[in-house]
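>>> The following comprises the amino acid sequence and a computationally predicted model.
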Amino acid sequence: MTTLAVKPQSAEKTIRKIILRALMIVFLLLFTVLALLPFLWMLSSSLKLDKDVFRYPIEWIPSVRHWENYVQIWQRVPLLTYFKNTALLSTGVTVMQVITSSFAAYAFAKLNFKGRDLLFLCYIGTIAIPWQMYMLPQFIMMRYIGLYDTLWALFVLQSFSAFGVFLMRQFFLGIPTELCEAARIDGLNEYGIWARIMLPLSKPAIATLLIFTFVSTWNDFMGPLIYLRSDAVKTIQVGLRRFIQEYTSDYHLIMAASLCSLVPVAVVFLFMQRYFIEGIATTGIKG
């Protein structure tokens, strides 16, 4: 009798789990469709004539696809130059932030020195200071040292990140200190421990920092707008703004140019997503 009473309860629990899982899947599918809808509209509009972009009802799959739109955007403005500048700046800043953030994080996580925690607290506290408060002093400093209207100004200012140090330090704290002590006994110096032990074990954190840094640098608009004046050094976001100003009514070309600017970000995320998801999945694992 006890066995018969338990079985319906367990079957009911199983049915509830299946229903909840199905509802969760449906919710995620709806959320995915809603999130992708603007990008699908952008892709569809980029293959139409300008007069068909806002036609209702929306023709999601154009009957006649105008691939020449993607040719025209490279001819109207020096878009290739903007892409090269942005790729160079984003790659350089990303590499420097990974190096500087991981190096500082190793010192804050695994080295003992006087005032370490206070220094870390003060450094992380800079995250709370709005950029607008020190934007003008930075501009004056860059112009004084002769870096105004060069990519070097943005490279120097964005190569250090308090958020990156915080992210890497939190990950380094989860790596056993005994590994560092054993390496020191074997004669490995601190630079070797950082390069040969800490970095290989921190691929998820590095991938996360790489994605955040590359995307934020690639999409940065205010920084290039302030420091870059010549067309030869402008980035893609400033270039898109110029394109929109000059071709306000050509929405099909604007959509094509905007879609092209998203491709590098999507490629970086697709390559790094495995490590990024791994970092999220292992965040709560202890020991």
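Structure received. Residues are numbered from 1 along each chain as shown.

>>> tally of neighbours for the nearest residue to Q138 once chain neighbours are set aside?
Leaving aside its chain neighbours, Q138 sits nearest to L157 (6.1 Å; criterion: Cβ to Cβ, 6 or more residues apart in numbering). For every residue, glycine as well, the C-beta is placed using N, CA and C. Per other Cβ atoms under 10 Å, the neighbour tally for L157 reads 16.

>>> Let me know the pLDDT of the residue nearest the centre of the chain.
Taking Cα atoms, centre = their mean, the centroid of the chain lies closest to F212, which sits 2.8 Å from it. Looking at F212, its pLDDT reads 89.

>>> Which element, helix or strand, includes it?
Secondary-structure assignment from DSSP states H and E places F212 in helix 203-218.

>>> That helix packs against which elements?
helix 79-110, helix 162-172, helix 251-281 (3 or more Cβ pairs under 8 Å, 6 or more residues apart in numbering; DSSP states H and E).

>>> right, and the helix or strand after the longest one?
Moving toward the C-terminus from helix 79-110, the next helix or strand (DSSP H and E) is helix 116-125.

>>> same check, this time on the shortest one
The C-terminal neighbour of helix 162-172 among helices and strands, as given by DSSP H and E, is helix 177-185.

>>> so who does the residue lying closest to Y106 once chain neighbours are set aside touch?
In space, not counting the residues next to it along the chain, Y106 is nearest to W194; the distance is 4.8 Å by Cβ to Cβ, 6+ apart. Shown in contact with W194 (Cβ atoms under 8 Å, 6 or more residues apart in numbering): S102, F103, Y106.

>>> Format those residues as TSV; extra columns: pLDDT.
What follows is these, written out as TSV (pLDDT from 0 to 100):
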residue	pLDDT
S102	92
F103	91
Y106	92
